[in-house]
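Student: structure of the sequence below:
(2 chains)
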Amino acid sequence: MAIKLPIYMDYHATTPCDPRVVEAMLPYFTEKFGNAASRNHPFGWEAEEAVEKGRKQVADLIGASPKEIVFTSGATESDNLAIKGVAEMYREKGNHIITCVTEHKAIIDTCKRLEKNGYRVTYLPVQKDGRISLDELKAAISDKTILISIMAANNEIGVIQPIAEIGAIAKEKGILFHTDAVQIVGKVPFNVNDLKVDMASLSGHKMYGPKGVGALYVRRRNPRVLLAPIIDGGGHERGMRSGTLNVTGIVGFGKAAELCKQEMAAESERLRGLRDYLNDKLHKNLDEIYINGSMEHRLPHNLNISFAYVEGESLLMGINDVAVSSGSACTSASLEPSYVLKALGAGDDLAHSSIRFGLGRWSTKEEVDYVADKLTSVVTKLRDMSPLYELAKEGVDLSTMVWQTEGH
Amino acid sequence: MAYSDKVIDHYENPRNVGSLPKDDVNVGTGLVGAPECGDVMKLQVKVNPATGVIDDAKFKTFGCGSAIASSSLATEWLKGKTVDEALAIKNTDIVNELSLPPVKIHCSVLAEDAIKAAIADYKKKQASEGKLSAVSSQTSV
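Tutor: Purely as a prediction, here's the structure:
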């Protein structure tokens, strides 16, 4: 089979809409264009019906009740709503929030803002494998703790946190538990009741749905979670999120959720096979490459590897017909290497040398072969021109070298 | 990020990649940057003792495409220059030649630093060599 270039292998960043999703959405742009809040005519009823169908499809995917789904513009908004909503609503009860250093910026920066407003936030470190320590979590809990927010699966390294265990600890202590479940939902089974999750952020475009739509799961029973809204207005979504509902987006998100539920088991098995094949092939071809984060507790479609002695951006430049991401500073807007990889304690140089592979619904073995072969030749070429590789081969311990960094 | 054609050309066809014997008294070696910053450049010059002209220059760089291009370009420019002419190369010359965007200016600065470090190493070696020969000539007298 001929492969089409460029190859997309960045499914953690976004996914294409499944054509079946687009097909479901189309009528709602034109003939079924009603406002779901219009209660007095069929245009509105039709739209409302579509929204409720989508709500049920999304709820079914995570074992929730449809009434527990609050539609938002995406996971960043869901994260903001969960954290700020709890912080405001439970202010009397306490002012302490526990999260983790490898969270998405939508969590970290929201927490940082709350810190300016008198809240106290504990950012748990992660172990070498990228997971938090449950003992450290327990030790961080105080009688002022109102919320624990720990992501289900990391967007860079795909590492899955011990969500069920965290849920049990939170429940036992009577603390609300929110998880950013954007990367995991639709990829591996995720059930809010089994995991004792009180809130979960979801995103449409990470699971073959459209961009601009997401949801926050908000538990209604045992306990009933109350949230102060961050967007005020017409009182949509039971007052938790005002704003005209994105009917087309919700229809697409719902359809995407339904497809994920049907196809998840087979799809994740297939992708795990491809991912392991990619990993094996790279390890066979190249020495001194390191997997970042746990391989055991990991999304089946994720691989994050550091190619020692090679800088990530130059590596991406050599594989410019392959779409992947790097933790290198040069590829980020902030010019800082990945804080997630730094948190693993691997050293900044390995963060600069990392590539994230995200496989997905349309990834093929031919693509994986192409990517592995191309990477092998580019890494080999760049190592031939790397002074670090030369020094390492001469037996110099790079970690004890004194570098001239003045002025940089 | 979009690269200029010249950066891409130097990345794809780097000039003068390699190493010169670093213990040679006529070779100056500069190693600048740090792995945790994402850039390390090694730049070497070989000076003809008779003419004071740089005969050969080599580089190895760990860094982004712009860092590789900056050091590759620097080796091209160094060849045929005297030591003093080499010291006159400014990072802004590299920026202009490669059309580096503002976020990549540090790559050119690093290349200038590498040139200066290589020349300084060469001069240091020459000075100590001079002292050694002075010492040996004294003892022989």
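Student: near chain A, which residues of chain B? Just list them.
Tutor: B:1, B:3, B:8, B:11, B:14, B:17, B:19, B:31-42, B:59-65, B:67-68, B:103, B:106, B:109-110, B:113, B:117 (C-beta under 8 Å from any C-beta of the partner chain). The C-beta positions use only the backbone N, C-alpha and C, and glycine is treated the same way.
Student: buried by neighbour count, from those: which ones?
Tutor: Listed as buried from the residues of chain B next to chain A are B:3, B:11, B:14, B:17, B:31-42, B:59-65, B:67-68, B:106, B:109-110, B:113, B:117; burial here means 16 or more other C-beta atoms under 10 Å in any protein chain shown.
Student: so where's chain B uncertain?
Tutor: By pLDDT under 70, the weakly predicted segments of chain B are B:1, B:131-141.
Student: tally of neighbours for residue 129?
Tutor: I'll assume chain A. 15 (other C-beta atoms under 10 Å in any protein chain shown).
Student: hmm, I had chain B in mind actually
Tutor: Counted with other C-beta under 10 Å, the neighbours of B:Glu129 add up to 13.
Student: could you find the closest non-adjacent residue to it?
Tutor: By the measure of C-beta to C-beta, 6 or more residues apart in numbering or on different chains, the closest residue to B:Glu129 outside its immediate chain neighbours is B:Val25, 5.1 Å from it.
Student: ok, A:Gly327 next?
Tutor: Leaving out its chain neighbours, the residue that sits closest to A:Gly327 by C-beta to C-beta, 6+ apart is A:Ser338, at 3.1 Å.
Student: spit out the contact partners of that neighbour.
Tutor: By C-beta atoms under 8 Å, 6 or more residues apart in numbering or on different chains, the contact list for A:Ser338 reads A:156, A:327-328, A:332, A:351, A:354.
Student: from the residues you listed, which one has the minimum pLDDT?
Tutor: Minimum pLDDT across the contacts of A:Ser338 is recorded for A:Ser332, with 65.
Student: now residue 30, what's its secondary structure?
Tutor: Picking chain A for this. Put simply, A:Thr30 is coil when judged by DSSP: H, G, I helix; E, B strand; the rest coil.
Student: that was the other one, I meant chain B.
Tutor: B:Gly30 falls in the strand class when you classify it by three-state DSSP.
Student: count of neighbours near it?
Tutor: B:Gly30 has 22 neighbours, counted by other C-beta under 10 Å.
Student: roughly how far apart are it and A:Ala152?
Tutor: As for B:Gly30, its distance to A:Ala152 is 48 Å (criterion: C-beta to C-beta, to the nearest Å).
Student: again with B:Asn48
Tutor: Taken as C-beta to C-beta, the span from B:Asn48 to A:Ala152 is 64 Å.
Student: the two: who's more crowded?
Tutor: Counted by other C-beta under 10 Å, B:Asn48 and A:Ala152 do not tie: A:Ala152 has more neighbours, with 23 against 12.
Student: residue contacts, that one?
Tutor: A:160-161, A:163, A:179-181, A:183-185, A:190, A:200.
Student: make it 6 Å
Tutor: By C-beta atoms under 6 Å, 6 or more residues apart in numbering or on different chains, A:Ala152 lies in contact with A:163, A:179, A:181, A:184.
Student: and the strands in the stretch 201-350 of chain A?
Tutor: Using DSSP state E, counting those that start in this stretch, the strands of the stretch 201-350 of chain A run over residues A:214-218, A:289-291, A:302-307, A:322-323, A:325-326.
Student: can you redo the ones you listed as TSV with distance to chain B?
Tutor: Shown next, in TSV, are those (distance: least, C-beta to the nearest C-beta, whole Å):
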stretch	distance to chain B
strand A:214-218	29
strand A:289-291	14
strand A:302-307	11
strand A:322-323	14
strand A:325-326	10
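Student: deepest of these, which one?
Tutor: Comparing the strands of the stretch 201-350 of chain A by mean neighbour count (mean count of other C-beta atoms under 10 Å in any protein chain shown), strand A:214-218 ranks first with a mean of 29.
Student: what packs against it?
Tutor: When contacts are defined as 3 or more C-beta pairs under 6 Å, 6 or more residues apart in numbering or on different chains; DSSP states H and E, strand A:214-218 packs onto strand A:69-72, helix A:75-89, strand A:199-203.
Student: A:Asp109: which element?
Tutor: Following DSSP states H and E, one finds A:Asp109 within helix A:105-116.
Student: re earlier: looking at the buried ones among the residues of chain B next to chain A, which are in helices?
Tutor: Per DSSP state H, helices hold the following members of those: B:11, B:65, B:67-68, B:106, B:109-110, B:113, B:117.
Student: show the contacting residues for the nearest residue to A:Lys196 once chain neighbours are set aside.
Tutor: Nearest residue to A:Lys196 in three dimensions, chain neighbours excluded: A:Gly167, at 3.0 Å (C-beta to C-beta, 6+ apart). A:Gly167 sits next to A:177, A:195-197 when contact means C-beta under 6 Å, 6+ apart.
Student: which of these tops the neighbour count?
Tutor: In terms of neighbours by other C-beta under 10 Å, the contacts of A:Gly167 top out with A:Val197 at 28 neighbours.
Student: now do the contacts for it.
Tutor: By C-beta under 6 Å, 6+ apart, the residues touching A:Val197 are A:167, A:177, A:179.
Student: A:Asp79: which of the residues you listed is nearest?
Tutor: The closest of these to A:Asp79 turns out to be A:Thr179 (C-beta to C-beta; 10.0 Å).
Student: so that closest one sits right up against A:Ala200, yeah?
Tutor: Yes. Contact criterion C-beta atoms under 6 Å: A:Thr179 and A:Ala200 qualify, at 5.2 Å.
Student: next, the contact list for B:Lys104, please.
Tutor: Contact partners of B:Lys104, counting by C-beta under 6 Å, 6+ apart, are B:Ser66.
Student: that's a helix at it, yeah?
Tutor: Yes. Counting by three-state DSSP, B:Lys104 falls inside a helix.
Student: could you list the low-confidence segments of the stretch 301-408 of chain A?
Tutor: A:330-335, A:404-408.
Student: now for the longest helix seen in chain A, which elements pack on it?
Tutor: For chain A, the helix that runs over the most residues, judged by DSSP H, is helix A:247-285. Using 3+ C-beta pairs under 6 Å, 6+ apart, the elements in contact with helix A:247-285 are helix A:19-25, helix A:42-62, helix A:365-384.
Student: pLDDT averaged over the longest one - what is it?
Tutor: Across helix A:42-62, the average pLDDT comes to 98.
Student: confirm B:Glu129 sits in a helix?
Tutor: Yes. According to three-state DSSP, B:Glu129 belongs to a helix.
Student: still on that earlier bit, figure out which of the strands of the stretch 201-350 of chain A is closest to A:Gly254.
Tutor: Closest approach to A:Gly254 among these is made by strand A:214-218 (9.9 Å; C-beta to C-beta).
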